[in-house]
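Novice: What follows is a protein structure lacking sequence information:
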Ligand SMILES: NC(=O)c1ccc[n+]([C@@H]2O[C@H](COP(=O)([O-])OP(=O)(O)OC[C@H]3O[C@@H](n4cnc5c(N)ncnc54)[C@H](O)[C@@H]3O)[C@@H](O)[C@H]2O)c1
Ligand SMILES: CC(C)[C@H](C(=O)O)[C@@H](O)C(=O)O
Ligand SMILES: [Mg+2]
């Protein structure tokens, strides 16, 4: 299979983790007879410095002309004082909007060899397997008006949370479709006791549920959901929620896996290329030190193979390789514990690659045989 992948490393650790993930994809291509063509684009702080904008048109064109997109992370203190339009994060939001990437899937799966790396009790997180489905192109991130102004000597600010019923319906439908191939439960998270947008969200969730009689739907207020994620995360299967609630809950849920450095994600549109990126940021505190955990990005490439290329087995091979490396005790600093082997970013990538080669040697797939 031949596929073109747009690669947007971004800033900070983005460059290090994406370099590792590309190595992994190259080995998968070699072992299983595929051709992945990588083309690089600029996004975020680097693009501001070179092109004068966080999202150059060339990057948009490259993404639209690709089968899938691999993104690292954007942002850093260098650009934190810039005007809103010239912040790296504006580029990320713009590419999501430009490509219609409304569905952000963030799977949270406990890895048994990592349960001790979490700050939570083993018995609480053992066996956790949930999927956060975050709306990604609407809500308070994109509503207008947004402004700051002076009024009677006060600084007045306005952000707007807006949704259309179509935007709500398509993300809720996506959650139900995922629940159908998982454990048939959807938890719709909102703040319907306060926000009108949430009351409409709830109405639409009830309407969509009628098309999926096999799926159980429950509604949960977001403050309670934040608490329940820590108290009893195994109660959840698919959690669907609006943009900002999903941003916050997914970072929280990452600790169920042991580290933010483990949480992968896929951002999908109705019919264009999908974008794959770790849920974490550019981690300026550890950038350039070969310390970052590359596994969230590597696991995001497994999602790419499965969701965009339908290469299910190859995606499974990457996941299995990651599991084996962790079982052998290799750990980047964010997940290291006593009696484990402190491992750099590049060593971790090498270990994953070795395992992929081992798996492929032991059990070649039809494509290779
Ligand atoms: N998708 C994205 O591009 C994205 C996502 C989140 C934050 N950001 C940006 O990243 C910058 C830093 O934000 P932040 O510090 O709040 O969040 P962050 O996710 O970058 O880092 C939070 C903490 O987690 C650690 N961490 C994150 N990823 C790690 C990894 N792979 N391995 C080991 N440790 C890891 C960091 O060292 C830091 O201590 C900001 O400019 C922010 O806007 C970008
Ligand atoms: C960097 C920021 C704009 C982004 C978001 O809030 O969506 C990030 O936190 C994420 O989770 O992808
Ligand atoms: Mg976030």
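Specialist: Right, received. Where do you want to start? Quantities reported herein were computed from a predicted structural model and do not represent experimental measurements. Ligands and ions are numbered 1, 2, ... in the order given.
Novice: what does the helix or strand in which residue 219 is found contact?
Specialist: Residue 219 belongs to strand 216-221 when assigned by DSSP states H and E. By CB atoms under 8 Å, 6 or more residues apart in numbering, the residues outside strand 216-221 that reach it are 184-193, 202, 205-206, 209, 228. Every residue, glycine included, has its C-beta placed from N, CA and C.
Novice: of these, buried ones?
Specialist: Among the contacts of strand 216-221, those buried by neighbour count (16 or more other CB atoms under 10 Å) are 185-192, 202, 205, 209, 228.
Novice: Of these, just say which sits nearest to residue 114.
Specialist: Closest approach to residue 114 among the buried ones among the contacts of strand 216-221 (CB to CB): residue 228, at 21.6 Å.
Novice: Does the closest one touch residue 222 like I think?
Specialist: No. At 10.4 Å, residue 228 does not count as touching residue 222 under the criterion of CB atoms under 8 Å.
Novice: who's the closest residue to residue 67 other than its chain neighbours bridged to?
Specialist: Leaving aside its sequence neighbours, residue 67 sits nearest to residue 3 (CB to CB, 6 or more residues apart in numbering; 4.4 Å). Beta-bridge partners for residue 3, by DSSP bridges, are residue 36.
Novice: Going forward, the N-terminal residue is numbered 2.
Specialist: All right, first residue 2 from here; so that's residue 4.
Novice: what residues are up against residue 4?
Specialist: Contacts of residue 4 by CB under 8 Å, 6+ apart are 35-38, 68-69, 309-310.
Novice: For those, which two are the farthest from each other?
Specialist: The largest separation in those, counting by CB to CB, is between 36 and 309 at 14.9 Å.
Novice: residues from the stretch 202-351 of the chain in reach of ligand 2?
Specialist: 248, 280, 282 (CB under 6 Å from any ligand atom).
Novice: Let me know the closest of those to ligand 2.
Specialist: Nearest to ligand 2, judged by CB to the nearest ligand atom, of these is residue 248 at 4.3 Å.
Novice: Look at the closest one and give its secondary structure.
Specialist: At residue 248, secondary structure determined by DSSP: H, G, I helix; E, B strand; the rest coil is helix.
Novice: And residue 30, by the same measure?
Specialist: Strictly by three-state DSSP, residue 30 counts as helix.
Novice: pLDDT wise, what is it at?
Specialist: Looking at residue 30, its pLDDT reads 98.
Novice: What segments of the stretch 152-301 of the chain are strands?
Specialist: Counting by DSSP state E, counting those that start in this stretch, the stretch 152-301 of the chain has these strands, from start to end: 155-159, 186-191, 217-222, 239-242, 267-269, 275-277.
Novice: Format these as a markdown table; extra columns: mean pLDDT.
Specialist: A markdown table is the format used below for the strands of the stretch 152-301 of the chain (pLDDT from 0 to 100):
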| stretch | mean pLDDT |
| --- | --- |
| strand 155-159 | 97 |
| strand 186-191 | 99 |
| strand 217-222 | 98 |
| strand 239-242 | 98 |
| strand 267-269 | 98 |
| strand 275-277 | 98 |
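Novice: Return the most buried member of these.
Specialist: For the strands of the stretch 152-301 of the chain, average neighbour numbers computed from mean count of other CB atoms under 10 Å are highest in strand 239-242, which has a mean of 28.
Novice: Which strands or helices does that strand pack on?
Specialist: For strand 239-242, the helices and strands in contact under the criterion 3 or more CB pairs under 8 Å, 6 or more residues apart in numbering; DSSP states H and E are strand 130-136, helix 166-181, strand 186-191, helix 223-232.
Novice: Can you pull out the residues in contact with it?
Specialist: By CB under 8 Å, 6+ apart, the residues outside strand 239-242 that reach it are 131-136, 172-173, 175-177, 179-180, 183, 186-191, 206, 223, 226, 250.
Novice: Many thanks, we can stop here.
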